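S.K.: following is a predicted model, sequence given first.
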Amino acid sequence: MRAERGSERGTATEADRMAAAEHGVPPDPSGTAAGAPAYARARTLEEALAVLAGGPAATGDPRPVVLAGGTDLLTLWRRHRRQPSRLLDIGRLDALQGMGPDAEGGWRIGALVTLSELARAGALPPAYQALAEAAAASATPALRNRATLGGNLEQRVRCWHYRSGLPCRFAGDDHCSCAAPEAAAPFQAIFGHGPGEPGEGCGAVHPSDPAVALTALGAEVELARWEAGRITRRRVPVDAYFTGRPTAGAPGLTVRRPDELVTAVVLPPLAEPSASTYRKVMDRRVWQFALVSLAAWVRWAPGPVVGAVRLALGGVALKPWRLEAVEAWLRGRALDGATAWEAGERAVEGARPLAGSGFKVELVRSLVADTLQDLADRAATT
């Protein structure tokens, strides 16, 4: 591993200097300048995981912050919400690249696949169209070229209060200023923040578009760590991967351990005839997070009858929000205009809008109804 730290400290290679500059890391050829983090590039997955497994207890050094696309890390760094002393660049690891069918009949996507790659026409099978549409709806073309799927799932909340240094439970404070009555904002939650719920007292929402699509598609996140001299892996269903709970220092509201890396996302086989889609409502066309979004997957029974369905909302809670009660109600029903509208009505049951998010209730109601009607219309013409 090319490194500039501890016993490995020395003169950086030209490749390392160029890589550090590419990510916006302050130039520091010796690794000793005040405030500049030590930079190292992992050459293999085994090497990266072994470094993460070392940890403070084993080496005396702080665990490095992982760097891939850097699109979220650099904004946090500039806002002083993260000030890493060590960076571990995993952006060139072949083991985390590529996508294609797996042995189980599903689809495996490496963690370093960019959002641009996912959004490319024909890159994903038609059943996974929701993910392609979610990737295409994220950020700007320039950011999509850089942002990786693994990093997108692990990004921290984009709450203005958190990123501006105001009191926030993500930063270790005992309350979140975003939930105060006078903190009205259009990006606040309407689900999951009430008394006794995981996000109690926090009005922030999860920022990822692909996470919403992956939830509707029933995907799993593959994690790897270094244990007993070898790589061990585990898979976590996306529903369980996102916690919806504000925790100080949480890297992305997920169950990932500090010594683990996201290595891939695995999509399940989706029986035909089925279809999926992703819809996103924004207050401008590009470079904006969702006011409300919806990912839907439907498998049809004979006729326009819903055999199976998964619905997930974005922009409304600290995690992608499954509409499980609506899904249960839809199964076995013929999907027409009246059924779609009733599903929209049921989708907002239990909503608790904050001062700035009341308008989202109507957005959710209409978005669910319109999306389901559109899927039914498409099925009728195929």
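M.R.: Perfect, thanks for sending it.

S.K.: when you work out contacts or count neighbours from here on, use the C-alpha atoms and nothing else.
M.R.: OK.

S.K.: list of residues touching the longest helix along the chain?
M.R.: Secondary structure of the chain per DSSP state H: the longest helix is helix 360-380. Residues from elsewhere that reach helix 360-380 (Cα atoms under 8 Å, 6 or more residues apart in numbering): 190, 275-276, 279, 291-294, 296, 304, 316, 335-337, 340-345, 347-348, 351, 353.

S.K.: give me the mean pLDDT for it.
M.R.: Mean pLDDT, helix 360-380: 96.

S.K.: got it, and stretch 69-80?
M.R.: In the prediction, stretch 69-80 has an average pLDDT of 86.

S.K.: what residues of that stretch count as buried?
M.R.: Using 16 or more other Cα atoms under 10 Å as the test for burial, stretch 69-80 gives 69-74, 76.

S.K.: ok, stretch 305-320 next?
M.R.: 305-320.

S.K.: now do stretch 99-114
M.R.: 99, 107-114.

S.K.: please apply the same query to stretch 169-180.
M.R.: Quick answer for stretch 169-180 (16+ other Cα under 10 Å): 169-171, 175-179.

S.K.: where does the prediction get shaky in this structure?
M.R.: 1-35, 55-61, 249-252 (pLDDT under 70).

S.K.: tell me which stretches of it form strands.
M.R.: 38-41, 65-67, 86-89, 99-101, 107-110, 220-227, 230-237, 261-267, 274-281, 292-300, 306-314, 321-322 (DSSP state E).

S.K.: would you put the C-alpha positions of the first one in CSV?
M.R.: What follows is strand 38-41, C-alpha atoms only, in CSV (Å, rounded to 0.1, in the frame of the first residue of the first chain):
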residue,chain,number,x,y,z
ALA,A,38,-1.9,11.2,6.0
TYR,A,39,-2.9,9.6,2.6
ALA,A,40,-2.6,6.0,1.6
ARG,A,41,-4.0,4.1,-1.4
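
S.K.: roughly how far apart are Glu200 and Pro246?
M.R.: Separation of Glu200 from Pro246 (Cα to Cα, to the nearest Å): 8 Å.

S.K.: quick revisit: and the two most separated of the buried residues of stretch 305-320?
M.R.: Farthest pair in the buried residues of stretch 305-320 (Cα to Cα) is Val305 and Leu318. Separation: 32.2 Å.

S.K.: before we move on, back to that, now tabulate the buried residues of stretch 69-80 in TSV and tack on distance to Ala130.
M.R.: Output for these, formatted as TSV (distance: Cα to Cα, whole Å):
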residue	distance to Ala130
Gly69	23
Gly70	25
Thr71	23
Asp72	23
Leu73	26
Leu74	28
Leu76	29
